[in-house]
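Engineer: next input, structure requested:
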Amino acid sequence: MATEEAQRMLWQRWSDYGGDFPPECRDMTCGARTRAGTPCKRRDLYRSGRCKLHGGLSTGPRTAKGKRRSARNGKGTTKGKPHGRVQKPNDLGKSSRAPQRGGG
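Structural biologist: I've put the predicted structure just below:
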């Protein structure tokens with residue numbers, strides 16, 4: 001049987017390029033340690049060879065530069081301007097593109 005590191009490299013190569021599933025990876029588990037100190041037993045793995053609990057999505061920016069960039073998201077030049085519908089006091093929320101009822 002392959003070593004743990006070789007097995008993970010084989011898993012990553014299969015994740016990237018596909019092809020026949022390596023039989024050496026059939027019983028592969030996450031390998032991370034739980035809070036109790038036991039190895040994680042999950043078998044649904046990402047490319048990294050870890051499960052969604054131990055190697056999943058990003059937890060956000062870590063550096064000061066990344067945090068500044070993240071804080072700017074969604075802040076454009078429209079900040080502080082009310083929506084067009086709010087600017088018209090006689091508008092009761094009806095869209096100008098909506099068809100009018102009741103002929104005329």
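Engineer: find the nearest non-adjacent residue to Asp44, please.
Structural biologist: Spatial nearest neighbour of Asp44, excluding adjacent residues (C-beta to C-beta, 6 or more residues apart in numbering): Cys51 at 5.9 Å. For glycine as for every other residue, the C-beta is placed from the backbone atoms N, C-alpha and C.
Engineer: what about stretch 24-36, how long is it end to end?
Structural biologist: The first and last residues of stretch 24-36 sit 28 Å apart, counting by C-alpha to C-alpha, to the nearest Å.
Engineer: how about that stretch: buried residues?
Structural biologist: Neighbour-count burial for stretch 24-36, counted by 16 or more other C-beta atoms under 10 Å, picks out Cys25, Met28, Cys30, Gly31.
Engineer: what's the closest of those to Arg72?
Structural biologist: Here the nearest of those to Arg72, counting by C-beta to C-beta, is Cys30; it sits at 35.6 Å.
Engineer: I figured the closest one hits Lys52, correct?
Structural biologist: No: under the contact definition of C-beta atoms under 8 Å, Cys30 does not touch Lys52, with a separation of 9.2 Å.
Engineer: measure Asp20 to Thr3 for me?
Structural biologist: If you measure Asp20 against Thr3 using C-beta to C-beta, to the nearest Å, the figure is 21 Å.
Engineer: quick check: which element contains the residue nearest to Leu45 when sequence neighbours are not counted?
Structural biologist: With C-beta to C-beta, 6+ apart as the criterion, Leu45 has its nearest non-adjacent residue at 6.0 Å, and that residue is Cys51. Per DSSP states H and E: Cys51 is located in neither a helix nor a strand.
Engineer: for Cys51, what are its contacts?
Structural biologist: Cys30, Ala32, Cys40, Arg42, Arg43, Asp44, Leu45 (C-beta atoms under 8 Å, 6 or more residues apart in numbering).
Engineer: now the fifth one: closest residue in space, sequence neighbours ignored.
Structural biologist: Right, the one you point to is Arg43. Computed as C-beta to C-beta, 6+ apart, the closest residue to Arg43 that is not its neighbour in sequence is Thr29, at 5.7 Å.
Engineer: dump the residue contacts of the one you found.
Structural biologist: For Thr29, the contacting residues are Pro39, Cys40, Lys41, Arg42, Arg43, by C-beta under 8 Å, 6+ apart.
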